[in-house]
Each structure stands twice: as C-alpha cells, then as structure tokens.
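S.K.: compute the structure for the input listed below.
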Amino acid sequence: MEVTADGCPVEVYLLLPASGEPEIVHAALPPGASILELGCGTGRVTHPLLALGHPVVAVDDSPAMLAQVRAPTVCARIGDLDLGRTFDAVLLGSHLPVG
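M.R.: The predicted model follows:
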C-alpha cells in the first residue's frame, strides 16, 4: 500500500466518499465558478465539483495522491504556492501538519 510522506495511505483515501461538501460549495458559488482546492488528496471533493461544472485546480504535496485526480493538478506545499492567478473560491477542507 502506497503511503504519502505524511503517513496517509492512498488506497484508503480512494475509498472515502464526499460527505456533502461539494454540494455545499456549489450552492454557495455562481455556476461555473473557478475553484482552487488545497490539500485535494485523491480528489474526493474535486471530482464531484468537476461534475457540478466547476473548473478546479487541485493542489497537494503528494504525487501519489495527485496521480488519482482527474483535474489540472499542482504538486506543491501550500505555503510555497504561487500560481500567479486568482480563483473565485479557495478550499482547504483538510488539516496541515505542524512542523
């Protein structure tokens, strides 16, 4: 089983369904609003947002997680991120490890 640098098992994250987050975000935004999703993991929230018509750029620092995402991806630490553009919404539905 592949595990990320911070100890997350990729296969387990692939099994986790979205729990209403995409619908909440979709309801709060105009149709087609662009979204930057930080800490996207395997795309648990990314993929439903795409299906709802939102262009999403997915960011994670794990190439193994990003390999599962069906959206434009950026492999980077969030603190180092500079995409040189803006988005209608930025999501961070995860936690950041300290240290």
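S.K.: helices and strands of the chain: which one bottoms out on pLDDT?
M.R.: Scoring the helices and strands of the chain by mean pLDDT, DSSP states H and E places helix 10-15 at the bottom, with a mean of 90.
S.K.: buried ones in it, by neighbour count?
M.R.: Val10, Tyr13 (16 or more other CB atoms under 10 Å). In short, each C-beta sits where N, CA and C put it, glycine included.
S.K.: just give me how far that helix sits from the chain centre.
M.R.: 14 Å (CA atoms, centre = their mean, to the nearest Å).
S.K.: cool, and stretch 77-97?
M.R.: Chain-centre distance of stretch 77-97: 9 Å, with CA atoms, centre = their mean.
S.K.: again with stretch 28-36
M.R.: Remark: stretch 28-36 is offset 14 Å from the chain centroid, using CA atoms, centre = their mean.
S.K.: what's the span of that stretch, first residue to last?
M.R.: Stretch 28-36 has its terminal residues 15 Å apart, counting by CA to CA, to the nearest Å.
S.K.: can you pull the contacts of Pro17?
M.R.: Contact analysis of Pro17 by CB atoms under 8 Å, 6 or more residues apart in numbering lists Arg44.
S.K.: start the count at 17 instead of 1 going forward.
M.R.: OK, 17 is where the count begins now, so the last one is Pro33.
S.K.: for it, which three-state class applies?
M.R.: coil (DSSP: H, G, I helix; E, B strand; the rest coil).
S.K.: what's the answer for Gly100, then?
M.R.: Put simply, Gly100 is coil when judged by three-state DSSP.
S.K.: for the longest helix along the chain, name the packing helices and strands.
M.R.: Ranked by residue count under DSSP state H, the longest helix found in the chain is helix 37-44. Under the contact definition 3 or more CB pairs under 8 Å, 6 or more residues apart in numbering; DSSP states H and E, helix 37-44 sits against helix 62-67, strand 105-108.
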